[in-house]
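J.: After the sequence you'll find the predicted model.
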Amino acid sequence: MESKLLAVIDAGTTGTRCTIYDNNLNTIGYHYVRNRNFYPFPGWVEQDPESIYKNAIIVFNKAVKNAKIDKDNIREIGITNQRETIIGWDRNTGIPIYNAIVWQDNRTADLSKTMMASGMGDSIRDKTGLLINPYFSALKIKWIIENKGLRKRELNNIIFGTVDSWLIWKFSNGKSFISDYSNSSRTMLMNLKTLDWDDELLSYFQLEENNLPLISPSFGHLNTFAERLGNIQITSVLGDQQSAMIGEGCLDYGNTKMTLGTGSFILQNIGSNNNIRKDGILTTVAYGTSRSKVNFALEGSTQISGGIIDWLIKNRIVRSIEEANRILKEEKDKKWNEDIYFVPSFSGLYSPYWDSTSRGLIVGISNNTNKRSIVMAAYEAVIFQIMDILDSMNNTDRFLRINGGLSQNRALMQLLSNYLEREISVSINPEITSYGTAIAMISGMSPPNTDLYNNYSLKRNIFRPEESDVELRYKRWKEAVQRSMGWINRNQKL
């Protein structure tokens, strides 16, 4: 059995983890470390690229130790990762030229406006399935090029990649520079129809194909080895949200999953259909085994979900997540209806609004407002943002499959079921993202199938809606969102 062991490294936003699985997908080893984010200016979010790599090494070695095995027993490694975060480094020395610019970063808002003004919005959407927004990698690359003063001759030695390609390059001692369809589709540089880098977009962003990784299948024979981890073959690479989609078993048309982590991410499987939406919902690659076998997904995302609880703690509104959860549990059953709303657009709004000029607000504060009021408004904000996306997505999937850190909060999940007025199914597997990559590794060149899922992965908590009068509150939430939008523009006129 030990010859079949699999290791999955999940390089996320908040932390990095490694899970060791046996061939029956039972967890036999695990380790997690928290990542350090830097916030140099309002709206800026960075990480140290070398720290991303070192944390991956640490969790791998500790997970192997915790599994009480020798790393020689691990047959394959899979990587899943935060997606739009971008890193640039010298192809000769391997030294990063700047910190990793994290997907949440909003410094390219002005570049985004300039690009929109050039009339490229429709072309970008038609080619990539995405909207022009600081969220995506291409604008971050353009910012690095311009702010590092890189000329064409200097750019010949610089390569840019998402976190998966950085880790693969480091693990392979610079021998492999690849990314998969799911990560590449989040850069705003990959054409969804050709499944390759788009020449027109490369030209606009002053890039050549050799500045970017080779686009590879998401799983199968990737022809790359992690020499620095013991020369183990890397057989799967997936963006974290797409990996969670596989982990949830969303393999058929219409299947929908929701991950409640740092942000909220809702993906709906649309099979081989890569038709582009004309609203605030994105079209993206779910996974691909070859150019002729690619599944697509609709996606709606929010920047802040679990992150709103971190904000409450950082600003000493509550001492811990346990205190926040206790307040929610106590207030939820009191038919809470205070007229206060929290819009957590700390550096802009994602789906379906896509407004990088929006900023956070708490509206409706009165003499009676206290910390319990703000905590409840924060939890409601998580739910209202989900409602915004599902309304735009016209989601009709009877089974809404939910995972992620916030999904383990039973009071929140009951409130979500009440507000959505639908049954929700919550995974008890806390590492569904890593699990999806493990499924992909076992399935190899064939699309995953439900026969690969073990009994543990199928165990779920079901929440059924109770009576809730949310219509007026949801209407008021939308009014609060409108007040938050365009704030940067208004503020600049003062």
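T.: On my side now, so go ahead. Residues are numbered from 1 along each chain as shown.

J.: Look up how far Ala286 lies from Ile276.
T.: Going from Ile276 to Ala286 by C-beta to C-beta, to the nearest Å gives 15 Å. For the C-beta atoms, the positions are set from N, CA and C on the backbone; glycine is no exception.

J.: Looking at these two, which is more packed in?
T.: Ala286 (29 against 16; other C-beta atoms under 10 Å).

J.: Go ahead and confirm that one touches Asn295.
T.: Yes. Here Ala286 reaches Asn295: they are 4.2 Å apart, a contact under C-beta atoms under 8 Å.

J.: who touches both of these two?
T.: The contact sets of Ala286 and Asn295 overlap at Asn269 (C-beta atoms under 8 Å, 6 or more residues apart in numbering).

J.: Show me the strands in the stretch 1-150 of the chain, by range?
T.: Secondary structure of the stretch 1-150 of the chain (DSSP state E, counting those that start in this stretch): strands located at 5-11, 15-21, 27-34, 46-47, 74-81, 86-90, 100-101.

J.: Backbone dihedrals for Ala297, both of them.
T.: Main-chain torsions, Ala297, degrees, to the nearest 10: phi -150, psi 150.

J.: I'd assumed Gln303 was in contact with Ser347.
T.: Yes. Using C-beta under 8 Å, Ser347 is in contact with Gln303, at 6.8 Å.

J.: Make CSV from the strands of the stretch 1-150 of the chain and add mean pLDDT to it.
T.: Shown next, in CSV, are the strands of the stretch 1-150 of the chain (pLDDT from 0 to 100):
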stretch, mean pLDDT
strand 5-11, 96
strand 15-21, 96
strand 27-34, 95
strand 46-47, 96
strand 74-81, 95
strand 86-90, 97
strand 100-101, 98
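
J.: Reformat those strands into a markdown table and put distance to Arg460 next to each item.
T.: Converted to a markdown table, the strands of the stretch 1-150 of the chain look like this (distance: least, C-beta to C-beta, whole Å):
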| stretch | distance to Arg460 |
| --- | --- |
| strand 5-11 | 21 |
| strand 15-21 | 19 |
| strand 27-34 | 17 |
| strand 46-47 | 33 |
| strand 74-81 | 21 |
| strand 86-90 | 35 |
| strand 100-101 | 35 |
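
J.: what's the least confident helix or strand in this structure, going by average pLDDT?
T.: helix 455-458 (a mean of 62; mean pLDDT, DSSP states H and E).

J.: Show me what the helix or strand following that one pairs with in its sheet, parallel or antiparallel.
T.: Downstream of helix 455-458, the next assigned helix or strand under DSSP states H and E is strand 460-463. Note on strand 460-463: by DSSP bridges, its sheet partners are strand 424-427 (antiparallel).

J.: Show residues contacting the partner strand.
T.: Residues contacting strand 424-427 (C-beta under 8 Å, 6+ apart): 247-248, 399-403, 407-408, 413, 416-417, 457, 459-463.

J.: Can I get that strand in CSV, CA atoms only?
T.: What follows is strand 424-427, C-alpha atoms only, in CSV (Å, rounded to 0.1, in the frame of the first residue of the first chain):
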residue,chain,number,x,y,z
ILE,A,424,-27.8,23.0,1.6
SER,A,425,-25.4,20.2,1.9
VAL,A,426,-22.2,20.8,3.8
SER,A,427,-19.1,18.6,3.6
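
J.: Name the residues of it that are buried.
T.: Ile424, Ser425, Val426, Ser427 (16 or more other C-beta atoms under 10 Å).

J.: Following the longest helix along the chain in sequence, what is the next regular element?
T.: The residue-count maximum for a helix in the chain (DSSP state H) belongs to helix 371-393. Note on helix 371-393: by DSSP H and E, the next helix or strand toward the C-terminus is strand 400-403.

J.: Which residues outside that next one are in contact with it?
T.: Under C-beta under 8 Å, 6+ apart, the answer for strand 400-403 is 244, 247-250, 255-260, 413, 416, 420, 422-427, 429, 432-433, 460.

J.: and it, how far from the chain's centre?
T.: Remark: strand 400-403 is offset 15 Å from the chain centroid, using C-alpha atoms, centre = their mean, to the nearest Å.

J.: other SSEs contacting the helix or strand following that strand?
T.: Remark: after strand 400-403, the chain's next helix or strand is helix 410-420, criterion DSSP H and E. Helix 410-420 makes packing contacts with helix 321-332, helix 371-393, strand 400-403, strand 424-427, strand 460-463 when contacts are defined by 3 or more C-beta pairs under 8 Å, 6 or more residues apart in numbering; DSSP states H and E.
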